[in-house]
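model the structure of this input:
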Amino acid sequence: MLDSDLWTESKNREIAMPMVSGRVLQVVLEYLYTGRCLFPPDDLNLGIELLVAADQLLLEPMKRKCEKTLSEKIDVEVAVPMYQTAYHYSASQLLACSSHYLLLNYKEIQDPGHEVLLQLLQNHSPDQR
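Numbers count the residues shown, from 1 in each chain. The predicted structure follows:
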């Protein structure tokens, strides 16, 4: 982006990233330099922010690492937001894990109006494949 005349950023010599917080940018830069995507596994909000940033910055290996870490933390309280995030950002590993968890534990999930269950069934129907 900075070397090509095709991008506005090459003329300004800077890239605006308003969707990325300082904490997220720090982890992204560490990943770019070291290949490690380290964040506290109990900080699910940071994990989700990193997944979103990796998706937006087209960092697929980082995105997969975030998906793996988040998939290991799915429980009754976070299954629905994890599923929705995974669906929105095409995070296939996280989508599969959260879908599986939701289907196995649906009785314990808070899903007024059964919206998540309906979305799950629609997304996994034979017509959608």
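
can we go C-alpha only for contacts and neighbour counts from here?
Noted.

which residues does Leu51 contact?
62-63, 66-67 (C-alpha atoms under 8 Å, 6 or more residues apart in numbering).

hmm, try it at 7 Å
Neighbouring residues of Leu51 by C-alpha atoms under 7 Å, 6 or more residues apart in numbering: 63, 66.

and it, what pLDDT?
Looking at Leu51, its pLDDT reads 96.

could you say which helix or strand holds it?
Using DSSP states H and E, the element containing Leu51 is helix 44-56.

list of residues touching the helix or strand just after that helix?
Per DSSP H and E, the first helix or strand lying C-terminal to helix 44-56 is helix 60-71. Helix 60-71 is contacted by residues 37, 41, 44, 47, 50-51, 54-55, 91, 93-94, 97 when judged by C-alpha under 7 Å, 6+ apart.

export those residues to TSV and tack on distance to Pro81?
Below are the contacts of helix 60-71 laid out as TSV (distance: C-alpha to C-alpha, whole Å):
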residue	distance to Pro81
Cys37	22
Pro41	16
Leu44	11
Gly47	12
Leu50	15
Leu51	13
Ala54	18
Asp55	17
Ala91	13
Gln93	15
Leu94	11
Cys97	13
